[in-house]
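Chemist: mind looking at a prediction? Sequence and model below.
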Amino acid sequence: MSYLELAVQVAREFAETYGRPPRWVVAAPGRVNVIGEHTDYNDGFVLPMAIERYAVMAADKSADGGDVIQIRDASGAEPVLIDLSAPVKPGAPKWGNYPRGVIAGCLARGINPGGLDVLLHSTVPLGGGLSSSASLEVCTATLLEAVTGKKLDPVEKALLCQKAEHEFAGVPCGIMDQFISIMGRENHLLLLDCRSRKTELVPVNDPSVQLLIANTNVKHELANGEYASRRAQCEAAAKILGVPSLRDATADAPENAKGKMDDVVFRRARHVIGEIERTLHAAEGIRASNWPTVGQLMYASHYSLRDDYEVSCTELDALVEIAESIGIKGGVYGCRMTGGGFGGCTVALVKRDAVAEIKKRMAADYKKKTGIDATIFVSRPAGGATVVKGGGAGLITQASSNAAGRLNPGVVGRNDLAFSGNFLKRDGFGVVAPGGDHDAENALVDQISTGAAKPGGEETVCR
Ligand code: GAF
């Protein structure tokens, strides 16, 4: 489902819940990290993309005019109530700590939306390593921007969301997830230098490949404590090597200092230093559409995460082994675990025309090996957080120009159809672009009707 279709659905759910239509609808995507794992908090490089799975919030000013933000969740989780007349602190229910932390950060910057009635609906799988928490944080910050009309600088916004996760959810995460949820761009990966925070968009427009995400549907409990301990081990390694962070260490530094560090710290450092190198090589490989090389780097990343960093698990390893046994002949260039680890998802680089067969094989073999049903889907690189309704003309117009821009290389999908004024009007979204410029949408609809462009089905169609 495109974010527009999802937004329309969530707007309806809001109306069912609160008895009136929402004034604002915003969406923020989850992400899959193609390579560069556990490098962000070592000042290294990461190469994620936003995915077509979103946290969406529909909202209106609170019906009673009070100072409470109430967030209901479409899945029926316990609602969150945040009273803005008192200091905002962590509390119950736990999932509310992500929005609470973001709201506290916004209030500290003078971004005060007043009381709100909010409905949240997320299609980012929880605990799947696809950044359900970061998408929730970024979605909250985007909502507050839309309501108050005060726009945060994107880097400041990412750091505010990261701080919420550190201080309200107690997870000492890096900056990758929040950055990509904000700065994702359709059909691009984001090469992020986590030290300078400089970003480079790396286009992925070869229609012969796709990224296939497979959810193990397991999440091992130790994840949070282990994450913090990895971070501490990296800091210990950097200290022993006499560098500000592992980003600054040379490839042979851990080997040369082996006598000074225990084996675990040595292997953690070896992973991070090697992974930073692999990420830069993979970006080069993607720029050159050198898919076999990118695939090999993905496998190397997985083995290093499994053996040196020890954040994989039998279920993730099973999926990677299955992918490897399918091999390039069967359409798989490479595969690795993605995200923090201890469960969650793998990401595979695959040939587009082999996707259906690969999905079938991975699902069947995984079930045979583990007894668990995997959830497997493709996603093209999606755009970052968006105000779908109520934010003025800007974003929807920008989205439609992107769609129109994409017509020349000839990529048209279901998302693009959603930009047609008809779709939006039919679903009561006629006001999304008040006074906005619909030329790009009209051009798209014209091209579709004359056959110059083809709308897709579930998947993007490439010509
Ligand atoms: C989690 C964290 F939130 C990220 O910052 C990153 O460290 C990732 O694990 C591992 O690469 O998603």
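Modeler: Thanks, I have the structure now.

Chemist: tell me the buried residues in stretch 255-268?
Modeler: 257, 261, 265-268 (16 or more other Cβ atoms under 10 Å). C-beta coordinates here come from the backbone N, C-alpha and C atoms, glycine included.

Chemist: and the residues you listed, which is closest to residue 243?
Modeler: For the buried residues of stretch 255-268, the residue nearest residue 243 by Cβ to Cβ is residue 257; the value is 10.5 Å.

Chemist: what's that closest one in contact with, if anything?
Modeler: By Cβ atoms under 8 Å, 6 or more residues apart in numbering, the residues touching residue 257 are 240-241, 266.

Chemist: among those, which are in strands?
Modeler: Using DSSP state E, no member of those falls in strands.

Chemist: mind giving me TSV with the buried residues of stretch 255-268 and columns for distance to residue 63 and pLDDT?
Modeler: Listed next are the buried residues of stretch 255-268 as TSV, based on distance: Cβ to Cβ, whole Å; pLDDT from 0 to 100:
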residue	distance to residue 63	pLDDT
257	63	96
261	60	95
265	56	98
266	59	98
267	56	98
268	52	98
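
Chemist: what parts of the stretch 251-400 of the chain come near the ligand?
Modeler: Taking Cβ under 6 Å from any ligand atom as the contact definition, the stretch 251-400 of the chain meets the ligand at 339-340.

Chemist: what is the burial count for the residue of the stretch 251-400 of the chain found nearest the ligand?
Modeler: In the stretch 251-400 of the chain, the residue that lies nearest the ligand is residue 340 (3.5 Å; Cβ to the nearest ligand atom). Residue 340 has 24 neighbours, counted by other Cβ atoms under 10 Å.

Chemist: can you tell me the SS state at it?
Modeler: coil (DSSP: H, G, I helix; E, B strand; the rest coil).

Chemist: can you give me the pLDDT of it?
Modeler: Per-residue pLDDT puts residue 340 at 95.

Chemist: with residue 270 instead?
Modeler: 98.

Chemist: that one: what's it in contact with?
Modeler: 254, 304, 308.

Chemist: about what we covered before: just the buried residues of stretch 255-268 now: which is nearest residue 329?
Modeler: Taking those together and measuring to residue 329 by Cβ to Cβ, the closest member is residue 267, at 32.9 Å.

Chemist: out of the buried residues of stretch 255-268, list just those in helices.
Modeler: 265-268 (DSSP state H).

Chemist: ok so, going back, TSV for the contacts of residue 257, including distance to residue 234?
Modeler: Shown next, in TSV, are those (distance: Cβ to Cβ, whole Å):
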residue	distance to residue 234
240	11
241	11
266	12
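
Chemist: how is the protein divided into domains?
Modeler: The record assigns the chain these domain ranges, following automatic domain parsing: 3-202, 204-379, 391-450.

Chemist: is residue 215 in a helix, a strand, or coil?
Modeler: strand.

Chemist: wait, it sits on residue 379?
Modeler: No: Residue 215 is beyond contact range of residue 379, at 12.0 Å (criterion: Cβ atoms under 8 Å).

Chemist: count the residues that sit near residue 363.
Modeler: Neighbours of residue 363 (other Cβ under 10 Å): 16.

Chemist: after the helix or strand harbouring residue 192, next one along is what?
Modeler: Taking DSSP states H and E as the criterion, residue 192 maps to strand 188-193. Next in sequence after strand 188-193, counting helices and strands by DSSP H and E, comes strand 199-203.

Chemist: contacts for the strand holding residue 192?
Modeler: By Cβ under 8 Å, 6+ apart, strand 188-193 touches 34, 40, 45-49, 175-176, 179-180, 183-184, 198-204, 279, 283, 286, 381.

Chemist: got the CA positions of it in CSV?
Modeler: The C-alpha trace of strand 188-193 is given here as CSV (Å, rounded to 0.1, in the frame of the first residue of the first chain):
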residue,chain,number,x,y,z
HIS,A,188,17.8,6.2,-3.8
LEU,A,189,19.9,4.8,-1.0
LEU,A,190,21.4,7.2,1.5
LEU,A,191,25.1,7.1,2.1
LEU,A,192,25.5,8.8,5.5
ASP,A,193,28.7,9.8,7.1
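
Chemist: so how far is it from its chain's centroid?
Modeler: Relative to its chain's centre, strand 188-193 lies at 12 Å (Cα atoms, centre = their mean, to the nearest Å).

Chemist: what's the answer for stretch 77-84, then?
Modeler: So, by Cα atoms, centre = their mean, the centroid of stretch 77-84 is 24 Å from its chain's centroid.

Chemist: measure that stretch end to end?
Modeler: In stretch 77-84, first residue to last residue: 22 Å (Cα to Cα, to the nearest Å).

Chemist: just the ones in helices among the buried residues of stretch 255-268 now: which is nearest residue 28?
Modeler: residue 268 (31.2 Å).

Chemist: how about the closest residue to that closest one other than its chain neighbours, what does it touch?
Modeler: For residue 268, ignoring the flanking residues on the chain, the nearest one in space by Cβ to Cβ, 6 or more residues apart in numbering is residue 233 at 4.5 Å. Contacts for residue 233 (Cβ under 8 Å, 6+ apart) come out as 264-265, 268.

Chemist: what's the closest of those residues to residue 8?
Modeler: residue 268 (46.1 Å).

Chemist: just checking, that closest one touches residue 240?
Modeler: No: using Cβ under 8 Å, residue 268 is not in contact with residue 240, being 11.2 Å away.

Chemist: quick one, what contacts residue 57?
Modeler: Residue 57 touches 10, 24-27, 71, 118-120, 139-140, 142-143, counting by Cβ under 8 Å, 6+ apart.

Chemist: dump the one helix or strand it maps to to PDB, restricted to CA.
Modeler: Using DSSP H and E, residue 57 sits within strand 45-61. The C-alpha trace of strand 45-61 is given here as PDB (Å, rounded to 0.1, in the frame of the first residue of the first chain):
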ATOM      1  CA  PHE A  45      29.300   5.000   7.200                       C
ATOM      2  CA  VAL A  46      25.800   3.500   6.700                       C
ATOM      3  CA  LEU A  47      23.800   2.800   3.500                       C
ATOM      4  CA  PRO A  48      20.100   2.500   4.300                       C
ATOM      5  CA  MET A  49      17.000   3.200   2.300                       C
ATOM      6  CA  ALA A  50      13.500   4.100   3.500                       C
ATOM      7  CA  ILE A  51      10.900   1.400   2.800                       C
ATOM      8  CA  GLU A  52       7.300   1.400   1.800                       C
ATOM      9  CA  ARG A  53       6.100   0.700   5.300                       C
ATOM     10  CA  TYR A  54       5.000   3.700   7.400                       C
ATOM     11  CA  ALA A  55       4.000   5.000  10.700                       C
ATOM     12  CA  VAL A  56       1.000   7.300   9.900                       C
ATOM     13  CA  MET A  57      -0.600   9.700  12.300                       C
ATOM     14  CA  ALA A  58      -4.000  11.400  11.700                       C
ATOM     15  CA  ALA A  59      -4.800  14.200  14.100                       C
ATOM     16  CA  ASP A  60      -7.000  17.100  15.000                       C
ATOM     17  CA  LYS A  61      -7.000  19.700  17.800                       C
END
